[in-house]
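Asker: mind folding the following:
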Amino acid sequence: MRAYFVLALLALPAAAQAAPPQGITVPRLVDFFYEPAGSEPAGRGGAKLEFASYSETLVLDADEDFERHIRFELHSARSLKLPETLPMAVVDAALGEDCEVDEASADAELSVSLVEAPPGWSHFARPMLCVLQLGSRYALRGGEVSGEIVVRRPKVAPLDEAVSWLFPVQPLAAPARSYRFEVQFGPEQTPRVEGIGWSLELPTNPVDDERRSTAIELEGVRNLVVPAAMETLSGRLPQWHVSTAGSWDDINRAHRDLYDLAAEPHGPVLGLAGRVLGLQDPVAAVREALRLALDEIAFDPAGGRGGLWQAPRAAELTVEAGQGTAVDRAALLVSLLRTAELRAEVLFVNSTAHPVSSKLPVAQLNQVLVLIPGVALEAGAGPLYVDPSRGSAWLGAISEDTLGADALLLSPTVARWLRLGEDSPPRRWSWAAAELKDGTFQVSTTGVLDGAPAARVRSWDRAGRPAESLPSEDLAWLAGLGMPADTAIEDVPGGRLQVAWQGKVPRDLLLVGGTLPLPALPAVALGPKRTRRDVFPLDSSTFDLDVTESWTFRGLRPGESAVVGPRTTPFWDVEAQSAWSGPVLNRRYHLRFSAREIAPAAAHELGGFYAYVESTLGSAKPPAR
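Answerer: You can find the predicted model right below:
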């Protein structure tokens, strides 16, 4: 007789709820199965959808692939129009995952396809959404349809001995009256199967003489609705975690062996490494290695930004192909540097709020980086990090979404961990504008950028300054001035970038609305406005902007400017000084947004930040003419 736990997740009165089995905590509906008003899945004519039954079975002992079987019975009112497509699963295309219809009702005409995944799944390297096409006949008449979809992940030795999966508990397309989750595995396998975000214990049961399983059944499970402003749902609502890895040491060992093998120098790699070795200056050698591995080898986006479970191709094959994924280019870069007698290590990080623990192998690390210790762009600076999904313009810079993240460093012995720097790279700008007799302004502005802002502008400059990819938020006032073609952009010591321009600007272009212009401020919210009713946190981005301004107007009278004092919150702070001396305004301000995540109750802080900046710094006016 099969044994499994049945959890009732319905909003029942306290007296009607049966006590849960020993060792299980039943999550409260409001905490784990949030459903905003009006989110019920419905057809085009208002027909409500529901899975009479929905199950997911992960098969670990299949011959060539890991298989995830999704079986469903979908019910709806008849004679009502339904959506022609329904979301069924999110897969990681970087790992070769794909989906197909395995069986269907006799007249259902079911098919599936992969499309871009919605927000909430950025903890995967390359998330794609598997959608189910119901077919025109079913979509028009409704009724009942059943079928099975199979998601396959190719096995890659030796990584298939230490892999992990994360699945949301809730179905994507519609609520389910009956829900089952099961993991089937061979007699020699001992996978870890557990709930993340809730406490439960799962028994192991025989399926047949060759296979065992762990299963659980739930009732009344609502469908999953992910807010648009959330990068990742991981760690924020219940999930299933399945792992064949006993520890991070297992994961470290498997990946270390693969990268060491792929980075062995053979054939054309030796010639390229000789060009790196011939440079005596370590920084120059690193720059040459990046140029060869990242600029001359085209980037293949199929693997996203890299990450765990992707096997790098041998370095010589990447050179011969002339292109490679992030992990391919990482292995080639490591090969060039090590052959040129420079240390280079591989590390993995997650670029979202997905929790990573050194004690629990929830191994969704969706980005690969190369660490070059012992080489610094200036005295006293830390080691260099290289993102192989970018070009050489990103030397020493990492994207803001990885700041403060814990990273797994591949080691010859055991897994090692390090934390990336947490401080946002600064943008420092100066601005001087003087009114001329003809009413125009003589303007001079200079910016010194560091880290990711410098890398974005440098990449844009090297690409020929295409208008469609102008990094406006990194260029202060220059974007508002149409990014003058004679703007000077040049590298300065320490990996920083200097941007400078001077020229005349018409008054009506500069003083739009009768106020002094502010530099472009980076957007900190990653989605639409949220309200206090939301239960999921809001993901946000950080920035650091330091500005010095001087304005000189004709005449003797001062203009208007709000008195600004320091303002500090747990999420952002503003420091500003402003003073008129006759027709001359001098002011300096430092704006910093430091939160990566904001609770729903504090969502007003996003608007509050911009409102404060606009009402104070943005209210300065020139003298009356």
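Asker: ok, T85 - contacts?
Answerer: Contact analysis of T85 by Cβ atoms under 8 Å, 6 or more residues apart in numbering lists 131-134. Where you see a C-beta, it was placed from the backbone N, CA and C, and this is true even at glycine.
Asker: and these, which of them are buried?
Answerer: Buried members of the contacts of T85, scored by 16 or more other Cβ atoms under 10 Å, are 131-134.
Asker: will you turn the contacts of T85 into CSV that also has secondary structure, distance to Q170 and pLDDT?
Answerer: Below are those laid out as CSV (DSSP: H, G, I helix; E, B strand; the rest coil; distance: Cβ to Cβ, whole Å; pLDDT from 0 to 100):
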residue, secondary structure, distance to Q170, pLDDT
V131, strand, 17, 94
L132, strand, 16, 91
Q133, strand, 22, 87
L134, coil, 20, 79
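Asker: nearest to A434, out of the buried ones among the contacts of T85: which one, please.
Answerer: V131 (59.0 Å; Cβ to Cβ).
Asker: in TSV, list the buried ones among the contacts of T85 along with distance to R305.
Answerer: Listed next are those as TSV, based on distance: Cβ to Cβ, whole Å:
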residue	distance to R305
V131	24
L132	28
Q133	30
L134	34
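Asker: what's the closest of those to Q310?
Answerer: Using Cβ to Cβ, V131 comes nearest to Q310 of the buried ones among the contacts of T85, at 24.4 Å.
Asker: P87 is in contact with that closest one, correct?
Answerer: Yes: at 5.6 Å, V131 counts as touching P87 under the criterion of Cβ atoms under 8 Å.
Asker: just the helices in the stretch 51-200 of the chain please.
Answerer: 136-141 (DSSP state H, counting those that start in this stretch).
Asker: of the buried ones among the contacts of T85, closest to Q280?
Answerer: Among the buried ones among the contacts of T85, and counting by Cβ to Cβ, the member closest to Q280 is V131, at 56.0 Å.
Asker: so, low pLDDT: which residues of the chain?
Answerer: Across the chain, the ranges flagged by pLDDT under 70 are 1-47, 77-82, 104-108, 135-143, 228-229, 360-363, 525-534.
Asker: helices of that one, residue ranges please.
Answerer: 29-32, 136-141, 248-262, 268-277, 282-290, 315-321, 326-339, 451-462, 507-510, 604-616 (DSSP state H).
Asker: can I get those in CSV with mean neighbour count and distance to N350?
Answerer: Formatted as CSV, the helices of the chain follow (neighbours: other Cβ atoms under 10 Å; distance: least, Cβ to Cβ, whole Å):
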stretch, mean neighbour count, distance to N350
helix 29-32, 14, 22
helix 136-141, 14, 38
helix 248-262, 20, 14
helix 268-277, 18, 30
helix 282-290, 21, 24
helix 315-321, 20, 25
helix 326-339, 28, 14
helix 451-462, 22, 17
helix 507-510, 14, 43
helix 604-616, 16, 24
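Asker: do I have it right that P191 meets H241?
Answerer: No: P191 lies out of contact with H241 (Cβ under 8 Å); the separation is 10.0 Å.
Asker: quick check: closest non-adjacent residue to V370.
Answerer: Spatially, and ignoring its direct neighbours in sequence, V370 is nearest to V386 (4.3 Å; Cβ to Cβ, 6 or more residues apart in numbering).
Asker: so the one you found touches P373, yeah?
Answerer: No: using Cβ under 8 Å, V386 is not in contact with P373, being 11.9 Å away.
Asker: what about the two, which has more around it?
Answerer: V386 (28 against 12; other Cβ atoms under 10 Å).
Asker: go through the helices of the chain and name the closest to W551.
Answerer: Minimum separation from W551 across these (Cβ to Cβ) falls at helix 507-510, 10.1 Å.
Asker: could you name the helices and strands sitting against that closest one?
Answerer: Under the contact criterion of 3 or more Cβ pairs under 8 Å, 6 or more residues apart in numbering; DSSP states H and E, helix 507-510 touches strand 441-449.
Asker: the strand it packs on to helix 451-462, inter-axis angle?
Answerer: Angle, strand 441-449 to helix 451-462, by axes from the mean of the first three to the mean of the last three Cα atoms, to 10 degrees: 120 degrees.
Asker: what comes into contact with strand 441-449?
Answerer: Residues contacting strand 441-449 (Cβ under 8 Å, 6+ apart): 425-436, 457, 474-478, 492, 496-505, 507, 510.
Asker: just give me the neighbour total for D281.
Answerer: 10.
Asker: for it, give me the backbone phi and psi.
Answerer: When read as degrees, to the nearest 10, the backbone of D281 gives phi -80, psi 120.
Asker: distance of it from L377?
Answerer: Taking Cβ to Cβ, to the nearest Å as the measure, D281 falls 12 Å from L377.
Asker: repeat that for A500.
Answerer: 21 Å.
Asker: ok, now D65?
Answerer: For D65 relative to L377 (Cβ to Cβ), the value is 45 Å.
Asker: G120 now?
Answerer: 36 Å.
Asker: what is the nearest of the buried ones among the contacts of T85 to P206?
Answerer: After measuring the buried ones among the contacts of T85 against P206 - Cβ to Cβ - the closest member comes out as L132, at 32.4 Å.
Asker: isn't that closest one right next to A89, touching?
Answerer: No: with contact defined as Cβ under 8 Å, L132 does not reach A89; the gap is 9.3 Å.
Asker: quick one, strands of the stretch 101-250 of the chain?
Answerer: 111-116, 127-133, 144-154, 164-168, 176-185, 192-196, 204-208, 211-221, 239-243 (DSSP state E, counting those that start in this stretch).
Asker: nope, the stretch 301-450 of the chain is what I meant
Answerer: 323-324, 345-349, 367-372, 384-386, 406-409, 416-419, 426-435, 441-449.
Asker: in JSON lines, list those along with distance to L538.
Answerer: JSON lines is the format used below for the strands of the stretch 301-450 of the chain (distance: least, Cβ to Cβ, whole Å):
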{"stretch": "strand 323-324", "distance to L538": "36"}
{"stretch": "strand 345-349", "distance to L538": "22"}
{"stretch": "strand 367-372", "distance to L538": "22"}
{"stretch": "strand 384-386", "distance to L538": "27"}
{"stretch": "strand 406-409", "distance to L538": "22"}
{"stretch": "strand 416-419", "distance to L538": "24"}
{"stretch": "strand 426-435", "distance to L538": "23"}
{"stretch": "strand 441-449", "distance to L538": "27"}
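Asker: of these, which is nearest R625?
Answerer: strand 426-435 (10.1 Å).
Asker: mind listing residues that contact the closest one?
Answerer: By Cβ under 8 Å, 6+ apart, strand 426-435 touches 441-451, 453, 474, 476-477, 505, 507, 510, 519, 543-554.
Asker: can you select the buried ones from these in PyMOL?
Answerer: Here is the PyMOL command that selects the buried residues among these (16+ other Cβ under 10 Å):
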select buried, resi 441+443+445+446+447+448+449+450+451+453+474+476+477+505+510+519+543+544+545+546+547+548+549+551+552+553
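Asker: state the phi and psi torsions of E378.
Answerer: phi -160, psi 160.
Asker: cool, and the one 5 residues further on?
Answerer: Backbone torsions of P383, given as degrees, to the nearest 10, read phi -70, psi 160.
Asker: report the separation between the closest residue to it other than its chain neighbours and I398.
Answerer: Leaving aside its chain neighbours, P383 sits nearest to P373 (4.5 Å; criterion: Cβ to Cβ, 6+ apart). P373 is 15 Å from I398, where distance means Cβ to Cβ.
Asker: beta partners for D208?
Answerer: Legend: beta-bridge partners of D208 under DSSP bridges are R211.
Asker: number of residues surrounding it?
Answerer: D208: 8 neighbours (other Cβ under 10 Å).
Asker: please shift the residue numbers so they start at 47 in all later answers.
Answerer: Sounds good: first residue 47 from here, last item D254.
Asker: count of residues packed around A339?
Answerer: Count around A339 with other Cβ under 10 Å applied: 30.
Asker: quick revisit: now do the shared contacts for V177 and P133.
Answerer: With Cβ under 8 Å, 6+ apart, V177 and P133 have no common neighbours.
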